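Asker: heads up, no residue letters with this:
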């Protein structure tokens with residue numbers, strides 16, 4: 001993966017000077033409104049995602065299929081971010097990409113169609129369609145947040161945004177769990193009800209656009225970037241790829257919950273709500289810590305990743321599922337805040353959208369491979385020792401790359 005930019009231009013109007021012209025009040029306004037949009041978006045798509053693993057189990061899919069489909073969805077979403085980030089930077093039509101991306105969330109409330117025809121294959125197509133939309137909206141949104149974040153702190157800006165995001169991510173699965181319990185596990189009704197918050201989402205997004213549409217991602221017209229500064233970025237993104245390769249997907253945690261809680265499928269989205277409930281304060285706290293100590297805070301989620309899959313594979317009890325969910329929620333919160341904030345600090349301002357796209361693509365590829373590997377391990381009933389050997393080797397490599405990235409960054413800044 002070559003992230004070296006071959007640009008040698010004299011700096012005239014830097015992105016930093018553009019960013020410094022934005023007031024703190026404006027920066028908070030942008031983060032607040034985009035956080036509000038993400039809140040309603042998460043009610044819909046996180047609510048649906050809390051149901052997907054048990055829904056696939058209901059449709060007769062194996063753990064391997066669930067791991068591959070959800071992993072492929074993440075890869076499509078993250079690869080779409082590479083294209084979406086590049087096109088957003090090129091066209092400067094950030095809001096267009098945001099509207100297209102959020103519009104495609106409608107695919108998830110449409111999941112009951114797979115009960116009529118197509119089975120889990122149609123459901124997989126709808127999942128991938130929504131993830132494609134995520135690929136379009138996320139880099140454009142993150143680039144706008146990054147352009148104003150220097151006034152209030154990168155970690156704080158992304159942490160606050162992620163906190164709003166996670167409020168919706170907790171509300172959505174809890175809403176779906178309640179509907180599943182009330183309707184006695186009626187998937188059609190549980191998915192269909194999500195059309196209501198989807199319509200609210202599109203109204204809020206339209207109001208948000210008219211409130212802050214003058215805010216666009218700022219970038220410099222002329223700048224210079226030294227070669228060594230790209231090396232930490234490459235090491236960091238490669239380390240994140242390996243970290244995601246060792247991180248068992250949430251979909252498989254939920255799939256195991258579905259196997260254990262048969263007859264009480266409403267517990268599956270409730271477990272997902274627990275993950276999101278832990279994610280929210282983790283994201284906010286990690287964002288503030290990141291602003292204090294920088295990239296070093298990332299050693300925490302890299303180490304915690306080693307524990308999650310061995311814990312999940314240790315026993316077939318709901319208590320173990322809850323324990324794995326708590327650990328996963330902590331790591332997820334840090335991925336969504338500090339992992340993203342690090343890109344804003346490591347990437348050249350003019351190419352932040354593209355850098356986020358590359359970063360998300362690495363995450364997606366790792367998620368696809370992780371889903372396939374852990375899904376197969378689950379179907380073949382691998383023991384905890386075998387799982388532990390795999391994750392320790394992968395995360396040791398990831399930690400080594402993270403340490404090297406931090407070391408190279410310090411050396412290049414001297």
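Answerer: All right, it came through fine. As the structure is a prediction and not an experimental result, all values here were calculated from the model. Residues are numbered from 1 along each chain as shown.
Asker: who are the packing partners of the helix or strand hosting residue 234?
Answerer: In this assignment (DSSP states H and E), residue 234 forms part of helix 230-246. When contacts are defined as 3 or more Cβ pairs under 8 Å, 6 or more residues apart in numbering; DSSP states H and E, helix 230-246 packs onto helix 299-314, helix 340-346, helix 352-379, helix 384-412. C-beta here means a position set from N, CA and C on the backbone, and glycine is covered the same way.
Asker: 6 Å instead, please
Answerer: In terms of contacts (3 or more Cβ pairs under 6 Å, 6 or more residues apart in numbering; DSSP states H and E), helix 230-246 is packed against helix 299-314, helix 352-379, helix 384-412.
Asker: in that helix, what counts as buried?
Answerer: Across helix 230-246, burial judged by 16 or more other Cβ atoms under 10 Å covers 230-246.
Asker: what angle do it and helix 352-379 make?
Answerer: 30 degrees (axes from the mean of the first three to the mean of the last three Cα atoms, to 10 degrees).
Asker: which is the next helix or strand following helix 230-246?
Answerer: As assigned by DSSP H and E, the chain's next helix or strand after helix 230-246 is helix 250-260.
Asker: and the contacts of that following helix?
Answerer: Applying Cβ atoms under 6 Å, 6 or more residues apart in numbering, the external contacts of helix 250-260 come out as 53-54, 57, 63, 66-67, 70, 268, 271-272, 275, 318, 321, 324-325, 374.
Asker: quick check on these: which are buried?
Answerer: For those, buried by 16+ other Cβ under 10 Å: 53-54, 57, 63, 66-67, 70, 268, 271-272, 275, 318, 321, 324-325, 374.
Asker: just the pLDDT at residue 302, thanks.
Answerer: We have a pLDDT of 94 for residue 302.
Asker: would you agree it is in contact with residue 401?
Answerer: No: look at residue 302 against residue 401 with Cβ atoms under 6 Å: they stay out of range, at 9.6 Å.
Asker: the most centrally placed residue in the chain: what's its closest spatial neighbour, skipping adjacent residues?
Answerer: Nearest residue to the geometric centre of the chain (Cα atoms, centre = their mean): residue 336, 5.5 Å. Spatially, and ignoring its direct neighbours in sequence, residue 336 is nearest to residue 162 (4.6 Å; Cβ to Cβ, 6 or more residues apart in numbering).
Asker: list the contacts for the residue nearest to residue 62 when sequence neighbours are not counted?
Answerer: Using Cβ to Cβ, 6+ apart and skipping the chain neighbours, the partner closest in space to residue 62 is residue 379 (5.5 Å). Neighbouring residues of residue 379 by Cβ under 6 Å, 6+ apart: 62-64.
Asker: residue 85: which element?
Answerer: Following DSSP H and E, one finds residue 85 within helix 63-91.
Asker: just how off-centre is that helix within its chain?
Answerer: 11 Å (Cα atoms, centre = their mean, to the nearest Å).
Asker: right, and the helix or strand after it?
Answerer: Note on helix 63-91: by DSSP H and E, the next helix or strand toward the C-terminus is helix 94-103.
Asker: show me where the stretch 151-300 of the chain has its helices.
Answerer: Using DSSP state H, counting those that start in this stretch, the helices found in the stretch 151-300 of the chain span residues 154-182, 187-192, 195-212, 230-246, 250-260, 267-293, 299-314.
Asker: nearest residue to residue 362 other than its sequence neighbours?
Answerer: residue 241 (4.0 Å).
Asker: can you tell me how far that neighbour sits from residue 372?
Answerer: Distance check for residue 241 against residue 372: by Cβ to Cβ, to the nearest Å, it reads 15 Å.
Asker: and what of residue 350?
Answerer: 36 Å.
Asker: neighbour-wise, which of the two wins?
Answerer: residue 350 (21 against 17; other Cβ atoms under 10 Å).
Asker: what about the more buried one, which SS state?
Answerer: helix (DSSP: H, G, I helix; E, B strand; the rest coil).
Asker: need the pLDDT of the residue nearest to residue 189 when sequence neighbours are not counted.
Answerer: Closest residue to residue 189 apart from its sequence neighbours, by Cβ to Cβ, 6+ apart: residue 183 at 5.0 Å. With respect to pLDDT, residue 183 scores 91.
Asker: before we move on, what about residue 253?
Answerer: pLDDT recorded at residue 253 is 94.
Asker: number of residues surrounding it?
Answerer: 26.
Asker: how much space between it and residue 70?
Answerer: According to Cβ to Cβ, residue 253 stands 11 Å off from residue 70.
Asker: could you list the buried residues of stretch 122-142?
Answerer: For stretch 122-142, by 16+ other Cβ under 10 Å, it's 122-124, 126-142.
Asker: show residues contacting that stretch.
Answerer: Taking Cβ under 6 Å, 6+ apart as the rule, stretch 122-142 contacts 34, 69, 73, 76-77, 80-81, 84-85, 88, 94, 97-98, 100-102, 104-105, 107-108, 110-111, 114, 353, 356-357.
Asker: separation between the nearest residue to residue 172 once chain neighbours are set aside and residue 169?
Answerer: Excluding its sequence neighbours, the residue lying closest to residue 172 (Cβ to Cβ, 6+ apart) is residue 47, at 2.9 Å. With the distance defined as Cβ to Cβ, residue 47 ends up 9 Å from residue 169.
Asker: what helices or strands is the particular helix or strand that has residue 29 in it leaning on?
Answerer: Residue 29 is located in helix 24-49, with elements delineated by DSSP H and E. When contacts are defined as 3+ Cβ pairs under 6 Å, 6+ apart, helix 24-49 packs onto helix 119-148, helix 154-182, helix 195-212.
Asker: could you quantify the relative orientation of it and helix 94-103 as an angle?
Answerer: Using the same axes, to 10 degrees: helix 24-49 against helix 94-103 is 20 degrees.
Asker: residue 309 and residue 388: what is the separation?
Answerer: Applying Cβ to Cβ to residue 309 and residue 388 gives a distance of 8 Å.
Asker: these two: who's more crowded?
Answerer: Shown here are residue 309 and residue 388; by other Cβ under 10 Å, residue 309 has more neighbours (29 against 16).
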